[in-house]
Structures are given as structure tokens and as C-alpha cells.
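S.K.: Structure, please.
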Amino acid sequence: MTQPVPAVPAPPPRFDVLDDRSLLGHPRGLGLLFIVEMWERFSYYGMRAILVLYLVNALGWSGQRAAGLYGTYTSLVYLTPLVGGYLADRLIGTRRSMVAGSVIIALGHFCLALPSMAAFYLGLAFIIIGTGFFKPASATMVGQMYRPGDSRRDSGFTIYYMGVNLGALLGPVFCGPLAQRVAWHAGFALAGVGMLIGLIVYLVLRERYLPGIGLMPDGVLPAAALAGKAHTDARMLVHGTLGAVVGAAAAWGLGGLSLYPMLLGAAVGAAILITVLGTQGDERRRVFALFLAAFFVIFFWTAYEQAGSSMNLFADRHTDMGRVPSSVFQSLNPLMILILAPAFAALWGLLGKRGREPTTALKMVLGLFLLGVGFLFLVEGGRRADAGVLVSPWWLTLAYLFHTLGELCLSPVGLSYVSRIAPARFASLLMGAWYLANTIANKLAGALAGLTPLPGEAPPALEGGLVGYLQRLSQTNGGFFSIFVVTSFAGAVLMLIFVPLLNRLTRSVDGKRPQAA
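M.R.: Next comes the predicted model:
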């Protein structure tokens, strides 16, 4: 029997403003998305800088409990983009998804500003849901501005990533001191104001600089195309359901009857089966490459996300900060990115002209290696803190420097990688799937951060096996940070082994790029 032809509606018309080069050789719409993403990140990182400190210093939570909530919250923030990406691809488009996400995120921050634990948890839930709509939409729209094969795509994402980090710089600078020196809830409220500013700017300027971007295709589809669309949607529902069941069962087998691991397993399983079974040939190979690369990214973000928990508390309790609030230290990484990102963009461009630019996979290997080097400084700083003295902020500064170098090798090129190799009909879904690596990593990061007790806290009862070994190692700051030296270097070596395979899987889209490895 002949299968119904899948619906392939015509894309929205393309406007001349999307092909201009007024912004450093890029469309002015990139500047608008830069601003919107900057304000969203202002709200997120402004709140992130004070969340653990608020739980420990204002509510009196233990470090383990605070790190556990932080890990769950940040992991869910990166889990919901999978659902939001699917809805953007199939139902509402990235434009509506971004607006809905902005509104819900702002509501979440304003709930956090209320002196009630019920409002506190409701606020976290709103931010988690809102980020699910916002995160895949904003990154996907950057890719939608460029025509296929446009060589400006990587540098465009680097500029966009600077907007991410400008917001990450400003959020802690303004929200942190306001929270720590005036009122905790005022810091949360300011984060919500930042999100509203970003939304207003986008609504006012989107028709001028991003016409047609993020809209679902218009027009009435012919009967055959409608039948094909219905058939495709039904098949995706079956694949997603099957994948969710298999993923949840696998998580249950590995971790027992626990809701969160089963939810995460269901999300991973659904994403894999929808995209793998929904593609074939070259597209399927590219999907495999994306999920394989995402696996190694987990190593990176598990270590990197110690910044908001264990490294944040290390700055607060063990570092001689003088009169500077410890939360401001959260701005050091984005400040370094703003300084160093143009240099990295120029470096990749120079190497590309000489035919020496490394592939995306090899850049990620370098990012993991540099991350491990950064933790070597924290191991030494931690050993000095274990002797009972406040250590110099230079130990954290040097760690952040190498973490930043590693991030610039991995994160912006990773976003560009997804937008380049993902099949168009799964663009937002696979962007959400890419963030699944952050979901898993943030949960692991919170669990590991909870292993090390704060001064005056009784250490948790030791368990057996690997968990017990990590607990014993984590009784000192130097031992705790050594965990991430090992995982970062191990991840780099393991990924290096798979670089040739990743390059072969993406050869169809990377064929014109220099293959350094």
C-alpha cells in the first residue's frame, strides 16, 4: 500500500532584511535576539547567583539539601526544552514559543519575590516551564535567519553567545548585592524585571528585524499533504510513547522506582526514538552524531555547573573576598567570555583560512581538557582551605579562566553544530534534546556538590561502593575538586577516541570544512 506523502508546506516568505550585513556582517535581527537572550540570561543567572546562598544563609538549609534542590531545579530547566522544542516544531512555531516562555519566566521570578515557601516552589516551577518554551526557540531562531550553507552561521552563534554571557555578567552584579545587602526577595524581583524588558524589546522590534522568522507555514494544505501530516504525527506519537516507556524502564532498572530518573529516562528515550526512527540514511547518521556528542557534553557540564553550588559556597565560606559579596564572583566567567569570545572567533577564522580549523568534535575535546586544568587550581586552593585559612581569590579566578577557555571551545560551537546538522523538521526538538545533556549534568552536579559538608555540618553517613568512595573523597575541599579533574580528563580522552567516527557521521554537512582530526 502506498503511504501518504508527508506534508512539506512552503516556508514563510523570506524578507530582504534577513540578508543584510549591517551588524558586523550579520543581519540586524541577530542583534535583537542578542538583546532578548541577554535579558533572559540576566534573569536566570541573577537568580542562580543567589539561590543556594538564600537557601543556606536565609532559610538555614544544609549545604547538602540546598545543593540537591539546586541540582534538581537546574536539571529540570534543561529538561523542559525538549517538550517546548517539540511544540514549537509541530504546533506553535518558535515565535509564539519565545513569547509564552518569556511571560511564564517573569511570573516565576515575581513569585520568588513573595515571602512564602509555596510561592517559592511555584516560582521555580514557572521558571522551569517557561525556560522550556524559551530556550530552544531563541537558539533555533538564530539558525533560521541564515540560509543553508551560510558560512556566517558559526560566527553568528558566537555573537549570540556573547549576549548570553552579557546577561550572565550583569545578573549577579545587580541581583546579587541587592539580595545579600538589601533583601533577598528584592533580588528575585529584579530578575523578573529583566525578563519583562527582554520581552517588550522583542515584541516592539520583531516585525522590523525578524519578519517571518519563527512563524509556522501559512496556507491550506492539499488533502494528500494533510493525510501525510496526520500519518507523520501519529507515527511520531507512537515512536515517542515507545521510547518513553523503554527509557523509563531502563531508568527504573538502573536507579529503582524513583520519579525523577524515570522522568528523565522517558524524555531521553522519546527524543531518541522520535528522531532516529523519524529519519533515515544521512539524516539518521547526523542524529546519531548529535546524541553521541551530547553524551560527552555531560562530562563537561557536570563539572562546569559546580560554579553555582560548590564553587559558589567555596567563595562564600573559604575565600578572602574582602568587602565584595561572594555572589558577584558569578560574574567572572561571563566577563571573561565577553573579553575572550572575539579572540576565539578570530582564531577559528584564521585557522579556517589556512585549512587548519579543528572540527567541532575536536574543539569539544579541547574544551574538556581545559576544564580539567581549571580544576587543578581548585584542588590546590581547596587543600589550603582545608588547613583552616581563607584562601586567595586567585585560585578561583584561575579556575574560572580555564573553565571559560574550555566553554568557548565547546558551548557556542555546540549550538551551531545542532543548528547545522539537525534535520529541519526536528530543528527545535533536537535543540531541546541537546539541552538534555545539561539536564543530566546539572542533576549529577547537584548530587556531587551535596557530598561535601559545609563548615560545622556533620558529614553524611558513609555508604558503600562508588558513592562511599566519593563521600570519603569529598570530606576535604581538595579531594572533592579532584573528582572533576579526573572526570574532565577522562571525558576528553574518551571523546578523542570517537572524533573520527563523529567526523564521518557528519561528513555530508562538514564536507567543505577542514578535517583536522
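
S.K.: Let's see stretch 19-38 as CSV, backbone CA atoms only.
M.R.: What follows is stretch 19-38, C-alpha atoms only, in CSV (Å, rounded to 0.1, in the frame of the first residue of the first chain):
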residue,chain,number,x,y,z
ASP,A,19,20.1,39.0,4.3
ASP,A,20,21.7,42.3,5.2
ARG,A,21,25.1,42.6,6.8
SER,A,22,24.6,45.7,8.9
LEU,A,23,25.6,44.2,12.2
LEU,A,24,29.3,43.2,12.0
GLY,A,25,28.5,41.4,8.7
HIS,A,26,25.3,39.8,10.1
PRO,A,27,21.5,40.6,9.9
ARG,A,28,20.3,43.1,12.4
GLY,A,29,17.8,40.5,13.6
LEU,A,30,20.8,38.8,15.3
GLY,A,31,21.2,41.9,17.4
LEU,A,32,17.5,41.7,18.5
LEU,A,33,17.9,38.1,19.5
PHE,A,34,21.2,39.0,21.3
ILE,A,35,19.3,41.6,23.4
VAL,A,36,16.4,39.3,24.2
GLU,A,37,18.7,36.4,25.2
MET,A,38,20.8,38.8,27.2
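
S.K.: Contacts made by it with the rest, please.
M.R.: 17-18, 98, 102, 138, 141-142, 145, 147, 152, 155-156, 159-160, 162-164, 166-167, 170, 198-199, 201-202, 205-206, 209-210, 213 (C-beta atoms under 8 Å, 6 or more residues apart in numbering). All C-beta spots, glycine's among them, are computed from the backbone N, C-alpha and C.

S.K.: Check stretch 258-270 too.
M.R.: With C-beta under 8 Å, 6+ apart as the criterion, stretch 258-270 contacts 72, 75, 79, 82-83, 239-241, 243-252, 254-255, 436, 439-440, 443.

S.K.: Kindly recompute the last result at 7 Å.
M.R.: 72, 79, 82, 240, 243-244, 246-248, 250-252, 255, 436, 439-440 (C-beta atoms under 7 Å, 6 or more residues apart in numbering).

S.K.: Out of those, flag the one nearest to residue 181.
M.R.: The closest of these to residue 181 turns out to be residue 72 (C-beta to C-beta; 28.2 Å).

S.K.: now for the helix or strand hosting residue 501, which elements pack on it?
M.R.: Per DSSP states H and E: residue 501 is located in helix 477-505. Here helix 477-505 touches helix 281-304, helix 310-318, helix 360-386, helix 465-473, going by 3 or more C-beta pairs under 7 Å, 6 or more residues apart in numbering; DSSP states H and E.

S.K.: quick one: average confidence on stretch 502-511?
M.R.: Stretch 502-511 carries an average pLDDT of 83.

S.K.: and if you look at stretch 216-235?
M.R.: The predicted model assigns stretch 216-235 a mean pLDDT of 55.

S.K.: isn't residue 435 right up against residue 77?
M.R.: No. With contact defined as C-beta atoms under 7 Å, residue 435 does not reach residue 77; the gap is 8.6 Å.

S.K.: Please identify which of these two sits among more neighbours.
M.R.: Set residue 435 next to residue 77 and count neighbours by other C-beta atoms under 10 Å: residue 435 wins out with 27 against 23.

S.K.: which ones are touching the more buried one?
M.R.: With C-beta under 7 Å, 6+ apart, residue 435 has these contacts: 78, 81, 135.

S.K.: one more time with 10 Å
M.R.: If you count contacts by C-beta atoms under 10 Å, 6 or more residues apart in numbering, residue 435 has them with 77-82, 84-85, 131-132, 135-136, 139, 294, 297, 301, 415, 418.

S.K.: out of the residues you listed, which are inside helices?
M.R.: Assigned to helices by DSSP state H, the following of the contacts of residue 435 qualify: 77-82, 84-85, 131-132, 135-136, 139, 294, 297, 301, 415, 418.

S.K.: Now find how far off-centre stretch 31-38 is within its chain.
M.R.: Distance of stretch 31-38 from its chain centroid, counting by C-alpha atoms, centre = their mean, to the nearest Å, is 16 Å.

S.K.: thinking residue 450 is in contact with residue 443, fair?
M.R.: No. Residue 450 is beyond contact range of residue 443, at 11.1 Å (criterion: C-beta atoms under 10 Å).
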